[in-house]
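>>> here is a sequence together with a model predicted from it:
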Amino acid sequence: MFVDSVKVQARAGKGGNGCIAFSHEPFKPKGGPCGGDGGNGGDVILQADHDINNLIAQFYSPHLHAKDGRPGEGKGKTGRGGKKLIVKVPCGTMVWKLPPTKPTAEEQHLTVHRTLGHEEALEINFESQPQKLPESGLTEPEVTADLTEHGQQFVLCAGGRGGKGNMHFTTSTRQAPRFAQNGESGEEGRYRLELRLLAEIGLVGYPNAGKSTLLSAISSAQPKIAAYPFTTLHPNIGIVEFADYSRLTVCDIPGIVDGAHDNVGLGHAFLRHILRCRALVLLIDMAGIDEREPWDDYEQLLNELELYDPALLNRPRLVAANKMDEAVAPEKLKSFRSKLGQVDIVEISAAFDLGLEELKKKMRQIVAATSED
């Protein structure tokens, strides 16, 4: 199961309360206040880890709660701080802070019932009462973090500060204070974690164009391959190795369909994974096996990319003309060149390992060009 987007509820630990205590040591009948401070609450921390490739752990455990701090003790002892909760997420995880949820009518009823009493609360018509969000000022999701480097940490929710003990509140006129400070509540909120894969090359194409076959041919990745569309249901990452031990990471996303920019066919779930790619390889079925013309596929793919994010058209790209082993492919390639003019094309057949070395060389060159820029 591949999970690349999940909503979580995070809550940091509450600070411990300060202690009210007085010294009772021998020969010190008026030892004075000695209540210690409460411990700080634990933080909720996200940490990027390159050994994790999806958000399935947060899918099954969406409530992220850190430990509370312990209350202070006598003799000036500070309470133990709450243990931090470190949540490991894959590199490439973006964090979005979500607006608070609206309270339901039942929750409002319970709140007013406790505040006003039974008789008065029953007279309120909750259906006519507008549901207002808490005064947080947040109405739209906002990006709060982008974790791209291994080991990078982000404090999602900070723990509450521990309260001060009564030993801090002595004055010249108040030498035996019988009060202490309560600990502060930790931060909490709703967040969406979204994984955007980190890869240098993104493979883009229609279903059944041969992207998974190509990825398995140029790398050690083993995506599912079958002779029907939508075999790939989640992105795959492959590592392309060269003779000089250099490497390229290639991302194979599921096939794009018309209307993907409007989330048709889960388009957004797929397209967001190429937003970080430095270059794109448009894989075109040059044989037109699915009764589509190659030049129409190319123009439609560019159109979908532009409608989703116009910046994608500024990325370096090349065309991999696949299935050139088919008899009709050379003639269609000739028409493709005449209709589209100056397009960087590499002729390949992923199923028969034809032209793959040239493709790998071209991929390496366009990535190197982006590094120089």
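Great, that's in hand. Numbers count the residues shown, from 1 in each chain.
>>> how about the strands in this protein?
All strands of the chain, identified by DSSP state E, fall at 5-11, 44-49, 63-65, 85-90, 93-98, 142-147, 153-157, 188-195, 201-205, 236-241, 247-252, 279-285, 317-322, 345-347.
>>> Serialize the ones you listed to TSV and add fields for distance to Gly18.
Just so you know, the C-beta spots here come from the backbone N, C-alpha and C atoms, and that holds for glycine as well. TSV is the format used below for those (distance: least, Cβ to Cβ, whole Å):
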stretch	distance to Gly18
strand 5-11	22
strand 44-49	24
strand 63-65	23
strand 85-90	24
strand 93-98	31
strand 142-147	31
strand 153-157	22
strand 188-195	22
strand 201-205	55
strand 236-241	51
strand 247-252	52
strand 279-285	58
strand 317-322	62
strand 345-347	70
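>>> tell me which of the ones you listed sits most buried.
Mean neighbour counts were taken over these using mean count of other Cβ atoms under 10 Å, and the top value, a mean of 26, falls to strand 201-205.
>>> now the helices for the stretch 101-250 of the chain?
Assigned helices in the stretch 101-250 of the chain, in chain order: 105-116, 118-121, 211-218 (criterion: DSSP state H, counting those that start in this stretch).
>>> in a markdown table: the strands of the chain, plus mean pLDDT and distance to Lys211.
As requested, the strands of the chain are exported to a markdown table (pLDDT from 0 to 100; distance: least, Cβ to Cβ, whole Å):
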| stretch | mean pLDDT | distance to Lys211 |
| --- | --- | --- |
| strand 5-11 | 95 | 22 |
| strand 44-49 | 96 | 27 |
| strand 63-65 | 96 | 35 |
| strand 85-90 | 96 | 21 |
| strand 93-98 | 93 | 24 |
| strand 142-147 | 87 | 27 |
| strand 153-157 | 96 | 33 |
| strand 188-195 | 93 | 19 |
| strand 201-205 | 89 | 5 |
| strand 236-241 | 86 | 9 |
| strand 247-252 | 87 | 5 |
| strand 279-285 | 92 | 5 |
| strand 317-322 | 93 | 9 |
| strand 345-347 | 93 | 14 |
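>>> please name the nearest non-neighbouring residue to Asp93.
Careful, residue 93 is Thr and not Asp. Sequence neighbours aside, Leu147 is the residue nearest to Thr93 in space, at 4.8 Å (criterion: Cβ to Cβ, 6 or more residues apart in numbering).
>>> re earlier: the helices of the stretch 101-250 of the chain: lowest mean pLDDT?
Across the helices of the stretch 101-250 of the chain, the stretch with the lowest average pLDDT is helix 118-121; it has a mean of 38.
>>> just to revisit the earlier point, just tell me which of the strands of the chain ends up closest to Tyr308.
In terms of Cβ to Cβ, the element of the strands of the chain nearest to Tyr308 is strand 201-205, at 10.9 Å.
>>> remind me what the closest one packs against, helices and strands.
Under the contact criterion of 3 or more Cβ pairs under 8 Å, 6 or more residues apart in numbering; DSSP states H and E, the helices and strands touching strand 201-205 comprise helix 211-218, strand 247-252, strand 279-285, helix 294-308.
>>> could you dump these to TSV with distance to Leu46?
As requested, these are exported to TSV (distance: least, Cβ to Cβ, whole Å):
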stretch	distance to Leu46
helix 211-218	29
strand 247-252	22
strand 279-285	29
helix 294-308	27
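>>> so for Ala350, which of these sits nearest?
helix 211-218 (4.0 Å).
>>> report the angle between the closest one and strand 236-241.
Relative orientation of helix 211-218 versus strand 236-241 (axes from the mean of the first three to the mean of the last three Cα atoms, to 10 degrees): 30 degrees.
>>> domain parsing for this protein?
5-100+140-195, 101-135, 201-372 (automatic domain parsing).
>>> give me every residue that touches the nearest residue to Met167 once chain neighbours are set aside.
Taking Cβ to Cβ, 6+ apart as the measure, Met167 lies nearest to Pro33, with 4.7 Å between them; neighbours along the chain are not counted. Taking Cβ atoms under 8 Å, 6 or more residues apart in numbering as the definition of contact, the neighbours of Pro33 are Ile20, Ala21, Phe22, Ser23, Gly165, Asn166, Met167, Phe169, Thr170, Ala176, Pro177.
>>> and what of Arg11?
If you count contacts by Cβ under 8 Å, 6+ apart, then Arg11 has Val44, His63, Leu64, His65, Ala66, Cys157, Gly186, Glu187, Glu188 around it.
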